[in-house]
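1. Sequence first, predicted coordinates after that:
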Amino acid sequence: MTFRSFIAACLVLGMGGASAVAGPAVLSNDDLAEVVGQEGISMVLHLQVNTSDAGSQALGASFTHSFNVNGTTTYATAQGLKGVIDLVGLTIDVAPRPDLAGGSYIDIGLPGVVAVNQFGFRSFGVQTDAQAAVQPDQNFGSVLLNGVGTQTGHLYLWAK
């Protein structure tokens with residue numbers, strides 16, 4: 001018997017012993033009010049944008065925003081959006097408001113760890129054609145983030 005088959009057999013036997021579980025029960029509001037446990041949602045976000053073309057500096061998504069200058073539509077264009085962002089420990093919870101009986105607020109816990117790997121855009125320009133590539137002599141620069149940071153804090157949201 002191999003180690004894998006031994007582990008599989010243990011899991012099957014272990015599941016068989018756990019099959020005698022009680023069915024769902026109806027709880028009153030008073031019973032639910034006494035329940036204590038972990039609330040909220042904790043998330044880990046791994047975002048990869050256009051990473052399959054990592055060797056190319058020109059390819060990637062682009063963002064454009066139009067504005068009108070003296071009757072001419074002009075576009076601010078950020079091209080070559082690529083990279084990876086990891087956010088670890090982002091939380092969302094609902095908590096009671098101490099200043100308002102029965103009121104609550106949304107507590108968004110900022111991620112404890114933020115890691116970025118070559119995330120940003122490769123060129124930025126202002127032009128009249130939203131689809132055209134930003135020319136090297138009209139490129140205002142790029143923004144590339146690379147590194148790891150930690151933070152603490154919360155963002156509170158509530159209705160007025």
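-> Noted; the coordinates are in hand.
2. can you pull out the helices in this protein?
-> Using DSSP state H, the helices found in the chain span residues 3-17, 29-33.
3. Strands of the chain, start to end?
-> 41-49, 61-69, 72-96, 104-109, 113-121, 123-127, 143-150, 154-157 (DSSP state E).
4. same for the fourth one, what does it pack against?
-> Counting contacts by 3 or more CB pairs under 8 Å, 6 or more residues apart in numbering; DSSP states H and E, strand 104-109 is packed against strand 72-96, strand 154-157. Where C-beta positions appear, they are placed from N, C-alpha and C, glycine not excepted.
5. other SSEs contacting the shortest one?
-> Strand 154-157 makes packing contacts with strand 104-109 when contacts are defined by 3+ CB pairs under 8 Å, 6+ apart.
6. Report the strands that pair with the strand it packs on, each with its relative direction.
-> With DSSP bridges as the test, strand 104-109 is paired with strand 72-96 (antiparallel), strand 154-157 (antiparallel).
7. and of the strands of the chain, who's closest to residue 27?
-> With CB to CB, the closest approach to residue 27 among the strands of the chain belongs to strand 72-96: 19.4 Å.
8. what's the pLDDT at the residue nearest the centre of the chain?
-> Taking CA atoms, centre = their mean, the centroid of the chain lies closest to residue 45, which sits 4.3 Å from it. Per-residue pLDDT puts residue 45 at 89.
9. on that earlier part again, tabulate the helices and strands packed on strand 104-109 (JSON lines), appending distance to residue 63.
-> JSON lines is the format used below for those (distance: least, CB to CB, whole Å):
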{"stretch": "strand 72-96", "distance to residue 63": "5"}
{"stretch": "strand 154-157", "distance to residue 63": "24"}
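10. Buried deepest among the strands paired with strand 104-109, which one?
-> Comparing the strands paired with strand 104-109 by mean neighbour count (mean count of other CB atoms under 10 Å), strand 72-96 comes out on top with a mean of 17.
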